[in-house]
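Trainee: have a look at this prediction, sequence included:
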Amino acid sequence: MKKTFIILILSFIFFSNVSAETKRIISGNKKAKITIIAYESLTCSHCANFHIDVYPQLKKDYIDTGLAKIEFRHFPLDIAAFNASKISQCNRGHNLKILESLYSNQQVWVKRSTIEEVNDNLKKFIEKEGFNIDFEKCINNKEIEDFVLNDRIEGTKKFKVNATPTIIINNKKFEKSLNYKNLKKSLEKLI
């Protein structure tokens, strides 16, 4: 499965003309002084922990107050994460809700032996959560697929992302241990 995924990524080395600005999953004031970029994989347990343990306090103190915005970017580590990323991009009105739901319920839909089983779990989960998405259309949407892969390629090329989650603050890679205390120290220096 990993070999297939690597081949898929290599086939998309050249960027397409997908408009990133219209599709980004963003929380916060788009004109905030501080831009946080989170490169994540939806099957990554550390990414789920970030959404459960760090993001709520970050949102309360910096995003909801207008000091910062956060852009969630895709860095799928496997085919299951790749498909979940495509699903999270599929419903423009509820992308952040879908993303948050996928992370907070990661253990529900990630159960798998095969990619077909993961897709089946993911489809059932999305339906159960009430997200109005045409699963097959989203999974097979070439524009969304290119968008997700381009996030990963850009992360690797521009920021040397090689693990998830990787946090970028105002175009500089956050190199400390990812917890709220360390993140807050870095953000306070920029206010």
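Mentor: Cool, got the structure. Residues are numbered from 1 along each chain as shown.

Trainee: ok, now how distant is the closest residue in space to residue 135 that isn't next to it in sequence from residue 139?
Mentor: Closest residue to residue 135 apart from its sequence neighbours, by Cβ to Cβ, 6 or more residues apart in numbering: residue 123 at 4.6 Å. In this view, the C-beta of every residue, glycine as well, is placed from N, C-alpha and C. Relative to residue 139, residue 123 is positioned 9 Å away (Cβ to Cβ, to the nearest Å).

Trainee: now the strands for this structure?
Mentor: 25-28, 34-40, 68-74, 166-169, 172-173 (DSSP state E).

Trainee: for those, give me CSV that also has distance to residue 58.
Mentor: Converted to CSV, the strands of the chain look like this (distance: least, Cβ to Cβ, whole Å):
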stretch, distance to residue 58
strand 25-28, 9
strand 34-40, 8
strand 68-74, 7
strand 166-169, 10
strand 172-173, 17
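
Trainee: okay, now the unreliable bits of this protein?
Mentor: 1-22, 92-93 (pLDDT under 70).

Trainee: longest single helix anywhere in this protein?
Mentor: The helix that spans the most residues within the chain, counting by DSSP state H, is helix 142-159.

Trainee: and the residue nearest to residue 135, how far from residue 78?
Mentor: 17 Å.

Trainee: before we move on, what about residue 175?
Mentor: 25 Å.

Trainee: residue contacts, residue 34?
Mentor: Residue 34 sits next to 62, 67, 68, 69, 169, 170, 187, 190, 191 when contact means Cβ atoms under 8 Å, 6 or more residues apart in numbering.
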